[in-house]
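> Here is a sequence with its predicted model. Questions after.
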Amino acid sequence: MTGMIDIHSHILPGLDDGSSDMRESIHMLRLAAKQGITQVVATPHYSHSFQNTSPDQIRRLCREVQETARRQMNTEILIWPGQEIMYDGDMLNLLAKRSILTIADSRYVLTEFLPSAPYSYIYSAMREISLEGYIPILAHAERYIYLREKDRVDEIKSQGACIQVNFRRIGGKWYDSTTRWCREMLRSQRIDFLGTDMHNIKERRPETGAALEWMRKHLGRGYLSKILYRNQQKVLADEKI
């Protein structure tokens, strides 16, 4: 698979628990490029732990990482600005003031919650974000245990939300409950986006191989192209998927 667009990554140096410096950022991008990723959305955290409320700094770092990658790598790669936003009561206010970023200045907002968040809280948040005119993307949806009960993913999507899961969990062992859930959601075409959620070059490096191997065997090419790059292209163009 080439031309993939990674919608969830932590490649900007020094902003959160992702890349520690430019060298690590470029190392991750080299690994991603070898796996067929040609565009990456940089999504540094906004949370209580990481108060990244300087969009200009994020955009500047995106340019610096992209320019450095183009000098040092044999292939070009595009870096888009965005954030992974921990939902709280101030999120919509910060978005309105443009203190935190949507994905590539589109209506799409990569939104996360604590893994223990009740289903009712996630559902209400997705509805609230949608009613304000944004399109929430639920980040690494496989983490939310309460989402796994029957019809709950459909209920979330009915509120205008999209669903993102991480490559790594799709490529796990067949007996792992999270891997089985991810694969069931993919077979039923409930997943809208995949992401590496890469943070570093050690335990959270970009890993797509095992997931792509399984998906090639079990998913149709049309759906594969949607979740690997076509849906992402629509996000970057601020179009509805």
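Arrived safely, thanks for sending.
> quick one, strands of the protein?
Applying DSSP state E to the chain gives strands spanning 4-9, 37-42, 45-46, 78-81, 84-86, 108-112, 135-138, 162-166, 193-195.
> What is the fourth one packed up against?
In this case it means strand 78-81. Under the contact definition 3 or more C-beta pairs under 8 Å, 6 or more residues apart in numbering; DSSP states H and E, strand 78-81 sits against strand 37-42, helix 55-72. In this view, the C-beta of every residue, glycine as well, is placed from N, C-alpha and C.
> now swap in the third one and tell me
Contacts defined by 3+ C-beta pairs under 8 Å, 6+ apart place strand 45-46 against strand 84-86.
> and the strand it packs on, how far out from the chain's middle?
Between the centre of strand 84-86 and the centre of its chain there are 10 Å (C-alpha atoms, centre = their mean, to the nearest Å).
> Helices of the protein, residue ranges please.
Ranges of helices in the chain, per DSSP state H, are 22-34, 55-72, 91-96, 119-131, 152-158, 167-170, 177-187, 209-218, 221-225, 231-236.
> Near the residue lying closest to His48 once chain neighbours are set aside, how many other residues are there?
For His48, ignoring the flanking residues on the chain, the nearest one in space by C-beta to C-beta, 6 or more residues apart in numbering is Met86 at 7.2 Å. Using other C-beta atoms under 10 Å, Met86 has 17 neighbouring residues.
> Verify the stated contact: Met86 with Phe113.
Yes: between Met86 and Phe113 there is a contact at 7.2 Å, judged by C-beta atoms under 8 Å.
> what about the chain, any weak spots by pLDDT?
Low-confidence segments of the chain, defined by pLDDT under 70, span residues 1-2.
> redo that, cut-off 50
Residues of the chain meeting the criterion pLDDT under 50: none.
> quick one, what contacts the residue of the chain positioned farthest from its centre?
Farthest-out residue of the chain from its mean C-alpha position, per C-alpha atoms, centre = their mean: Arg71, at 25.9 Å. Arg71 sits next to no residue when contact means C-beta atoms under 8 Å, 6 or more residues apart in numbering.
> got a list of what Met28 touches?
Counted by C-beta under 8 Å, 6+ apart, Met28 has contacts Ser9, Ile11, Ser19, Met198, Asn200, Ile201, Arg205, Pro206.
> neighbour-wise, which of these leads?
For the contacts of Met28, counting by other C-beta under 10 Å, the largest number of neighbours falls to Ile11: 31 neighbours.
> just checking, that residue touches Met22?
No: the criterion here is C-beta under 8 Å, and Ile11 misses it with Met22 at 10.0 Å.
> Common neighbours of those two, please.
Joint contacts of Ile11 and Met22 (C-beta under 8 Å, 6+ apart) are Val65.
> contacts for stretch 155-166?
Under the contact criterion C-beta under 8 Å, 6+ apart, stretch 155-166 has outside partners 7-8, 108, 110, 122-123, 126-127, 129-130, 135-142, 147, 153, 182, 185-186, 190-197, 231, 241.
> how many neighbours does Tyr175 have?
So Tyr175, with other C-beta under 10 Å, has 7 neighbours.
> so how far is Ala210 from it?
15 Å (C-beta to C-beta, to the nearest Å).
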